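# I'll drop the sequence and a predicted model, then ask my questions.
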Amino acid sequence: MKIVIADAHRIFAGALESLLRRSGHDVVGCVAGFGAAVNAVLREQADACVLDADLAGIGEPGRLQEAIAGSPRTAFVVLADSPGSPGFAGTLAAGVHGAALKTDDFVEVLRVLTGAAVRLARRAPGGAVLSLSAQAAHRPVRHSTRYPALDHLLTPREREVLARLVHGESTTSMARSMGVQLSTTRTHIDSVLIKLGVHSRLEAVAYAVRKGIIDVPGRLELEGAPDALSG
């Protein structure tokens, strides 16, 4: 694929460019601004464009949508520093074709990038291709008139932790996936328990599922859950 990278963080952009080239892709542009990225995409007829979710100018009303519409054969994929990055939700709402976190490993980022490009080329139905961590961050809590306070009660990181608890992840797995220390993960979990007014991880999971504040695809599998909910 011909790929344009747009990220003001030169060290990160350079590392990503190197990894993409080693994977056999052609990086045809590595720029630090949104306007330069759009120009490079059009000039090179790029197959994909990787954008920092908080790139200067990307959040201007209608600008990202205009870029996507102006280059219909290019898969636009955003990378966010964290689920709480100001541009994360906005770029998804603008219609990007894929999203991942910068803390994801390269294999997961590449899966999102190639998956978004293939889906676009095939005009396959469905929304943006998301990394596993982006999925957990983007859809942990249902925005509902029944429990509006929960939208503001938990931070984006705490909502991600709650979603991961519901899906049976252990503390160790969570820390690894989220790119944080075990102690940090435990702090997030403790905060979730306090805010939900429960005393254990099992209670937190039961509460989240019972109240319908967590999206659980299909039937929640509890096999192996005691390890996840105790550690």
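Noted; the coordinates are in hand.
# what helix or strand does residue 54 sit in?
In the assignment (DSSP states H and E), residue 54 maps to no helix and no strand.
# residues near it, how many?
Residue 54 has 20 neighbours, counted by other Cβ atoms under 10 Å. Where you see a C-beta, it was placed from the backbone N, CA and C, and this is true even at glycine.
# quick one, grab the pLDDT at it.
According to the prediction, residue 54 has pLDDT 90.
# residue 88 now?
The model's pLDDT for residue 88 equals 85.
# and what of the one 10 residues further on?
With respect to pLDDT, residue 98 scores 94.
# what's the answer for the one 5 residues further on, then?
Looking at residue 103, its pLDDT is 85.
# residues contacting it?
82, 133, 178, 179 (Cβ atoms under 8 Å, 6 or more residues apart in numbering).
# which of those residues count as buried?
Neighbour-count burial (16 or more other Cβ atoms under 10 Å) applied to these gives 82, 133, 178.
# could you export the residues you listed as JSON lines, including pLDDT, distance to residue 164 and secondary structure?
Formatted as JSON lines, the buried ones among the contacts of residue 103 follow (pLDDT from 0 to 100; distance: Cβ to Cβ, whole Å; DSSP: H, G, I helix; E, B strand; the rest coil):
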{"residue": "82", "pLDDT": "81", "distance to residue 164": "15", "secondary structure": "coil"}
{"residue": "133", "pLDDT": "79", "distance to residue 164": "9", "secondary structure": "helix"}
{"residue": "178", "pLDDT": "86", "distance to residue 164": "8", "secondary structure": "helix"}
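# list just the nearest of the residues you listed to residue 167.
residue 133 (11.8 Å; Cβ to Cβ).
# how far away is the closest one from residue 43?
From residue 133 across to residue 43, the span is 33 Å (Cβ to Cβ, to the nearest Å).
# kindly report the same for residue 207.
In terms of Cβ to Cβ, residue 207 sits 53 Å off from residue 43.
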